[in-house]
Every structure is written in structure tokens, then in C-alpha cells.
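Q: the following block contains a protein sequence and its predicted model.
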Amino acid sequence: MSTATTTTSGNPRRLREYETIYIMQSNVDPDEADRVASRIKEIVAARSGTLLKVDNWGKRKLAYPINKASRGVFVFFKYLGYEDVVAELERNLRLLDSVVRYQTVLMNGDVKVEAYTTEAADLEFRRLEVSAEPDEEPGVAQRLGLLDAPRPQRREGGYDEGVEDDYGAPPLEDPTFAGEPAEDEEEAS
């Protein structure tokens, strides 16, 4: 027996299973993250839906930069509802500044409410933890050592035979390439 009600136009409304994942900015305040999760719970309940699972996946690396950010806070919701719950949920997510992306997927087009059980632990939103680690990863120039990299200091007396330089590379064979004048040039001056 599927759960279907009839609308005023005579078309049956079918209960469906949905999953929504939304991504918030990586520097979002934990209180703001709680408010967004509470708002989603209220929308699902107000639209005659049933919340099945809430999961805060925490801060993760994005597949591609969004607004120059490489990390975001991922939150997963699984719920039962009619087609109007998705429209209202996505409208609210679009209005929130802290939410940068969202996606809803229809998992099952016709469900029986009796087939789903929920536990109280599945419905609790795990509070976002503030971490001391930097939000952004170094850019390409920093990873390549072009920016903010300490410059190697030349040792007194030039490069010694068999001694590695500051980058761990063996010394160059030709001292003129290392910036030291060749013996012929010293005598000429």
C-alpha cells in the first residue's frame, strides 16, 4: 500500500524519498550551521514530511574552487515528502548566504511510510567544531615555492664538494653557474 493523497485537482500526491546535500562556507559559524539545519527540519515538518537522517560530514575539500574557496562544510539530509517540500527547501537554501551549493536527489518515487524506521540518534545534528587549522590550502605558487618561500642562504666560502645545498640537491660541477667567478675571470680583473 503506497501513501498517496488526492489534491484538489484530483491528481494523487505520492510520498517520495529524497536526499539533499548542501555545502556551507568553510568559515561558517557553528551557530549559523545549527540555524540552517533547524530551518531545514522545520521546512520538512511543515510540509508533512518525515526526516529520516541528518549527518554533518564536516569540513572537506571541494572538487573545484567555489568563490575562491577550496574547502566547505558538507551536510546530508534524508527525508520523505511530497514534491512541494523540495521546492520550498531549495528556495530557502538559495536565500542563505552561508550555503554555497546544494543538490537534491529523488531516491524512491513511491514509498510506504511503514517501511522506514528512524532512530533519535539519526536525527541529531552534530554541532560543527571550530578548528585551528587554516581554512585555505596554499595556492599553486606557494606549493611550487614561488611565494613566501624562504630563500636559501649562500654558505661562507661558496659551495663545498659533496655538500648538499639548502634544497637537498648536490652541488653543481661548474662553479661559474653557481654565481662564483671562474678562476680565469679573477686573474683578468
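A: Arrived safely.
Q: only C-alpha atoms for contact and neighbour calcs from this point on.
A: OK.
Q: ok, residue 55 to residue 73 distance?
A: Per CA to CA, to the nearest Å, residue 55 is found 11 Å from residue 73.
Q: so which bits of the lengthiest helix in the chain are buried?
A: Longest helix of the chain, by residue count under DSSP state H: helix 30-46. For helix 30-46, burial by neighbour count (16 or more other CA atoms under 10 Å) applies to 33, 36, 37, 40, 41, 43, 44, 45.
Q: for stretch 45-56, same thing?
A: By neighbour count, with 16+ other CA under 10 Å as the criterion, the buried positions of stretch 45-56 are 45, 47, 49, 50, 51, 52, 53, 54, 55, 56.
Q: do stretch 98-114 as well
A: 98, 99, 100, 102, 104, 110, 111.
Q: again, but for stretch 78-91
A: For stretch 78-91, a neighbour-count test (16+ other CA under 10 Å) marks 78, 79, 80, 81, 82, 83, 85, 86, 89, 90 as buried.
Q: measure the last one to residue 81 for me?
A: Using CA to CA, one gets 14 Å for the distance from residue 90 to residue 81.
Q: quick check: longest strand in the protein by residues?
A: Longest strand in the chain by number of residues (criterion: DSSP state E): strand 50-66.
Q: follow-up on the earlier one: list the helices and strands the longest helix of the chain packs on?
A: The helices and strands touching helix 30-46, judged by 3 or more CA pairs under 8 Å, 6 or more residues apart in numbering; DSSP states H and E, are strand 50-66, helix 83-95.
Q: now with 7 Å?
A: helix 83-95 (3 or more CA pairs under 7 Å, 6 or more residues apart in numbering; DSSP states H and E).
Q: so, low pLDDT: which residues of the protein?
A: Applying pLDDT under 70 to the chain flags the ranges 1-11, 113-143, 145, 147-189.
Q: domain map for it?
A: 12-123, 159-189 (automatic domain parsing).
Q: which one of these lies closest to residue 144?
A: domain 159-189 (12.8 Å; CA to CA).
Q: now the end-to-end length of stretch 44-54.
A: Terminal residues of stretch 44-54 are spaced 12 Å apart (CA to CA).
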